[in-house]
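Student: Here is my input; please provide its structure:
(2 chains)
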2 protein chains.
Amino acid sequence: MTICSLTYDLNDRVYSTGMPPASQPARRTRDPEAKRVAILAAAREEFAEHGFAGATIRAIARRAGVTHGLVMLHFSSKEQLFLAAVPGTRDLTGTVEGGLDGLPERVATAFVQRMESADGADPFIALVRSAGDQEAARALLRAMARESAAAYREVLTGPDVEARVELVGALLIGVTFSRYVTGDGELAAMPADRLIPYLAEALAAFLR
Amino acid sequence: MTICSLTYDLNDRVYSTGMPPASQPARRTRDPEAKRVAILAAAREEFAEHGFAGATIRAIARRAGVTHGLVMLHFSSKEQLFLAAVPGTRDLTGTVEGGLDGLPERVATAFVQRMESADGADPFIALVRSAGDQEAARALLRAMARESAAAYREVLTGPDVEARVELVGALLIGVTFSRYVTGDGELAAMPADRLIPYLAEALAAFLR
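Tutor: A predicted model of the protein is given here:
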């Protein structure tokens, strides 16, 4: 909690220049992009701490030092905010761009590097923690699959593209669960550079 | 709920011959194996409905029509009872027996067939639903990985056997999440006989 407060004090200074937003409405729109970045950072922490179902737009706005209305203006729903905050689906276009050749290796590398640097505060983790809430998990998975399929459809060939994209998601969700949520055992202890080749080889069954 | 009550009324008749166990202690040990089977069936339903963290030995005993003490006598802990009720880890010895040749296909087939027939009431699903409770999820994963590794160690060769066994678990957990817990999308809609070859090919990256 101390670390989180510190982070947000810093964010507040960087993005909100320390001004309480409610009393200084003019400040709020001075740098919309900085506010957007602050909201995304706040969302990542809120989702990681409380899961998708437990997180609220109001708490995210408070963390980011902005109003509830500004969050809705930027992202329109909690689900859309979640997707915007998941680097995995947003960065996928760049990962896919190189084409089919070497795609499993690039996806495995991008996933592991993102998760290693997320340090527990990643919405992928929030998704796994939401597994007990069937409605929340379903809405999230559907939205993530839609975004991922749109990117992968550019390069994947053959039948079952949507189902294979969901199998990619299933493997990465399972690894998130075992390595990053429970954080225990041999899979959690394995160095990233040993894990990536195994993941890449398995992903090759779906990404072709 | 009606279906569950009906099931347990039937179980009660079959396994407990309808006698209230508390008032008829002599009946309780007349057929220990039948009682054990009744406890396992009750555990599967209780874990599927409430997750590992939410299930209690007391509720499982009540469903099975036996005492709390008898459940502990048979299984000693909730974790041990969970493992005994997961067909996946118990049946693994049979699946592994044929050796490395065709092992990924046998594991994929056994998993899908078990999940299709489980009809939602499977402890694998309870494990996924326990993801929000880090301590419960960790204890379960550790115990399942230990049992699985013991079976796979007989046939797998090369380095990272424990980590690769956990990667097998990760893929199956992810598929459970996407196909059986959220039950939505193209992966959930895919016929079992189309899914199995994809799973087998991915599992071959870990099972060798």
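Student: domains of chain A?
Tutor: When chain A is parsed with automatic domain parsing, its domains come out as A:2-79, A:87-203.
Student: From the centroid of chain A, which residue is nearest?
Tutor: A:Val86 (2.0 Å; C-alpha atoms, centre = their mean).
Student: Of all the domains of chain A, which one is nearest chain B?
Tutor: Chain B sits nearest to domain A:87-203 of all these, at 3.1 Å, using C-beta to the nearest C-beta. Where C-beta positions appear, they are placed from N, C-alpha and C, glycine not excepted.
Student: pLDDT averaged over the closest one - what is it?
Tutor: Taken as a whole, domain A:87-203 has an average pLDDT of 87.
Student: starting at the chain centroid, how far to that domain?
Tutor: 10 Å (C-alpha atoms, centre = their mean, to the nearest Å).
Student: Is the longest helix belonging to chain A positioned near chain B?
Tutor: For chain A, the helix with the greatest residue count under DSSP state H is helix A:32-54. Yes - on the criterion C-beta under 8 Å from any C-beta of the partner chain, helix A:32-54 is in touch with chain B at A:Gly51.
Student: residues of that helix that come out buried?
Tutor: By 16 or more other C-beta atoms under 10 Å in any protein chain shown, the buried positions in helix A:32-54 come out as A:35-36, A:38-54.
Student: picking up where we left off before, from the domains of chain A, which stretch is densest packed?
Tutor: domain A:87-203 (a mean of 19; mean count of other C-beta atoms under 10 Å in any protein chain shown).
Student: Tell me where chain A has helices.
Tutor: With DSSP H, the ranges of helices along chain A come out as A:2-16, A:25-28, A:32-54, A:57-64, A:68-75, A:78-85, A:87-90, A:92-96, A:103-118, A:123-129, A:134-152, A:161-175, A:185-189, A:192-203.
Student: Same list, those helices, but as TSV with distance to B:Ile125 please.
Tutor: Listed next are these as TSV, based on distance: least, C-beta to C-beta, whole Å:
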stretch	distance to B:Ile125
helix A:2-16	33
helix A:25-28	45
helix A:32-54	18
helix A:57-64	30
helix A:68-75	32
helix A:78-85	23
helix A:87-90	25
helix A:92-96	28
helix A:103-118	24
helix A:123-129	14
helix A:134-152	11
helix A:161-175	14
helix A:185-189	21
helix A:192-203	22
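Student: Could you tell me the phi and psi values at A:Asp101?
Tutor: The phi/psi pair for A:Asp101 (degrees, to the nearest 10) reads phi -70, psi 120.
Student: any idea how far the residue nearest to A:Leu103 when sequence neighbours are not counted is from chain B?
Tutor: Closest residue to A:Leu103 apart from its sequence neighbours, by C-beta to C-beta, 6 or more residues apart in numbering or on different chains: A:Leu207 at 5.0 Å. Distance, A:Leu207 to chain B, using C-beta to the nearest C-beta, to the nearest Å: 10 Å.
Student: which ones are touching A:Trp113?
Tutor: Quick fix: residue A:113 reads Gln, not Trp. Contacts for A:Gln113 (C-beta atoms under 8 Å, 6 or more residues apart in numbering or on different chains) come out as A:Ala192.
Student: Distance of it relative to B:Met144?
Tutor: A:Gln113 sits 28 Å away from B:Met144, going by C-beta to C-beta, to the nearest Å.
Student: what's the answer for A:Phe206, then?
Tutor: In this view, A:Phe206 and B:Met144 are 24 Å apart by C-beta to C-beta.
Student: Kindly report the same for A:Val66.
Tutor: A:Val66 sits at a distance of 44 Å from B:Met144 (criterion: C-beta to C-beta).
Student: and if you look at A:Pro191?
Tutor: Here A:Pro191 is placed at a distance of 23 Å from B:Met144 (C-beta to C-beta).
Student: same deal with A:Gly158?
Tutor: 34 Å.
Student: A:Ile57 and A:Gly69 touch, don't they?
Tutor: No - under the criterion of C-beta atoms under 8 Å, A:Ile57 makes no contact with A:Gly69, lying 9.8 Å away.
Student: If I take the longest helix of chain A and helix A:134-152, what angle do their directions form?
Tutor: 130 degrees (axes from the mean of the first three to the mean of the last three C-alpha atoms, to 10 degrees).
Student: just how off-centre is helix A:32-54 within its chain?
Tutor: The chain centre lies 10 Å from the centre of helix A:32-54; the measure is C-alpha atoms, centre = their mean.
Student: Need the mean per-residue confidence for it.
Tutor: Average pLDDT, helix A:32-54: 89.
Student: Check which helices and strands it sits against.
Tutor: Contacts defined by 3 or more C-beta pairs under 8 Å, 6 or more residues apart in numbering or on different chains; DSSP states H and E place helix A:32-54 against helix A:2-16, helix A:57-64, helix A:68-75, helix A:78-85, helix A:123-129, helix A:134-152.
Student: Show residues contacting stretch A:81-98.
Tutor: Outside stretch A:81-98, the residues within contact range by C-beta under 8 Å, 6+ apart are A:39-40, A:43-44, A:47, A:52, A:57, A:60, A:71, A:74-75, A:103, A:106-107, A:110-111, A:114, A:122-124, A:126, A:140, A:143-144, A:147-148, A:151-152, A:154-155, A:172.
Student: what sits against the closest residue to A:Val112 other than its chain neighbours?
Tutor: Distance criterion C-beta to C-beta, 6+ apart; nearest residue to A:Val112, sequence neighbours excluded, is A:Ala192 at 5.0 Å. A:Ala192 makes contact with A:Val112, A:Gln113, A:Glu116, according to C-beta under 8 Å, 6+ apart.
Student: Quick one: residues contacting the closest residue to A:Glu201 other than its chain neighbours.
Tutor: Nearest residue to A:Glu201, sequence neighbours excluded (C-beta to C-beta, 6+ apart): B:Ala205, at 3.7 Å. For B:Ala205, the contact set (C-beta under 8 Å, 6+ apart) comprises A:Tyr198, A:Glu201, A:Ala202, A:Ala204, A:Ala205, B:Leu167.
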